Every structure is written in C-alpha cells, then in structure tokens.
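Participant: Following is a predicted model, sequence given first.
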Amino acid sequence: MRKMHRLSTLAFITWLTLLFLAGCSPDLGTGKPAPDFLLEELSGAQISLKKLIGNVVILDFWATWCPPCLMTIPELVDLQKKYKDRGLSVVGISVDDPRKVTNTDLAAFREAKNINYSIVRANAKVMQDYFADDDRMAIPTMFLIDRQGKIVEKKVGFVPGSLEKSVKKLL
C-alpha cells in the first residue's frame, strides 16, 4: 500500500512537470468560465467550484514553503473575515508535495496561521485546468471568480491591498 502511494505521488509529480513543460491546454484568460473541480478539504468535506457559484471566489494556489504565499495568508484571512457575510469564499489550494507536507502538517499549519478559509490539495486535473497554458507556474497565484463563475482576474505574486480592491468591485 505504501509503495503504491509513493508511485502515485511520483506519477503525479512527473505529470505536473511534463504538463508545465508542454503547455497543452486552451488559454485560461479573464472572462472565461472557471473550470470546476471537486477537491477534499482538510476536514474531509468535498468542495466544488460549482457549489460556490453565487459567491465571489478567490482561489489561492500556494505552498507552505513559499515566502510570498506566507505574506498573502494574513490578507486572505482578513478578507474572509471581513466579506464572508457578503458572499466571499476563499479557497487555498495547496501545491505542497504530499510526501513532504502531509494533511496533518497542513492542518497544523492552518491552525498555527489562524487560517479561516478552506484548504484543499491540488490534484493533476485542477493543475492542468488552471495552469497548462502558462509558460511557467508561479505561486502564489490567485484567481478571482465572479458570482457567475467567470474568471475576472488572475494575480501572480503578492501585492499588499490589491486583492481587497478587486474583491470590493465584485461584491
């Protein structure tokens, strides 16, 4: 069983590497429908983008080892707290290697950083759907999705305050 898990993790990482080198999917620009996904939250609940339609959504692709990602977390926590009642849903999509950062590690990280939004793990499909058209993937990358499920903005890197300005326009 453990050997099979290692092989599937290795296959996933290999596939991601090839995917980023190949760049083989259509352009995922603004104004286009955001690809749906079904991912498991650390609590075990299933999260899909389809279930979040009607809310403004921030998808934050991040990793625990990424300094700019760590700088983004307090702003995302603040935005979730401030605008949740007005229909904002933040979803953190971890791209951490599951061999190095387990779900238990992610849960402890979430608690230590007082993260008040959903955290899920990226899978091959969500990575292909959101990044296959990029020459290089960078984190943090945040996709802002409007209430109708369309991507209205893609933000790469951390620029203090820019997320709130974008969220306010959509609320």
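Facilitator: In hand now; what should we look at? Residues are numbered from 1 along each chain as shown.
Participant: From now on I want contacts and neighbour counts done on CA atoms only, so please keep to that.
Facilitator: Fine.
Participant: what comes up buried for stretch 47-59?
Facilitator: 47, 49, 52-53, 55-59 (16 or more other Cα atoms under 10 Å).
Participant: now do stretch 140-158
Facilitator: Those would be 140-147, 149-154, 157-158, for stretch 140-158 by 16+ other Cα under 10 Å.
Participant: Contacts for that stretch next, please.
Facilitator: Defining contact as Cα atoms under 8 Å, 6 or more residues apart in numbering, one finds that stretch 140-158 is touched by 29-34, 49-50, 53-63, 66, 68-69, 71-72, 138-139, 166-167, 170.
Participant: Just the terminal-to-terminal distance for it.
Facilitator: 7 Å (Cα to Cα, to the nearest Å).
Participant: and if you look at stretch 43-50?
Facilitator: Termini of stretch 43-50 sit 19 Å apart (Cα to Cα).
Participant: The closest residue in space to Pro33 that isn't next to it in sequence and Thr72, how far apart?
Facilitator: Using Cα to Cα, 6 or more residues apart in numbering and skipping residues adjacent in sequence, the residue nearest Pro33 is Lys150, 4.2 Å away. In this view, Lys150 and Thr72 are 23 Å apart by Cα to Cα.
Participant: try Ser43
Facilitator: 22 Å.
Participant: Compare these two and say which one has the larger neighbour count.
Facilitator: Neighbours were counted for Ser43 and for Thr72 using other Cα atoms under 10 Å; Thr72 has more, 19 against 11.
Participant: about what we covered before: out of the buried residues of stretch 140-158, list just those in strands.
Facilitator: 141-145, 151-154 (DSSP state E).
Participant: shaky segments in the protein?
Facilitator: Applying pLDDT under 70 to the chain flags the ranges 1-30, 135.
Participant: my read is Val120 is in a helix, agree?
Facilitator: No: counting by DSSP: H, G, I helix; E, B strand; the rest coil, Val120 is not found in a helix; it is strand.
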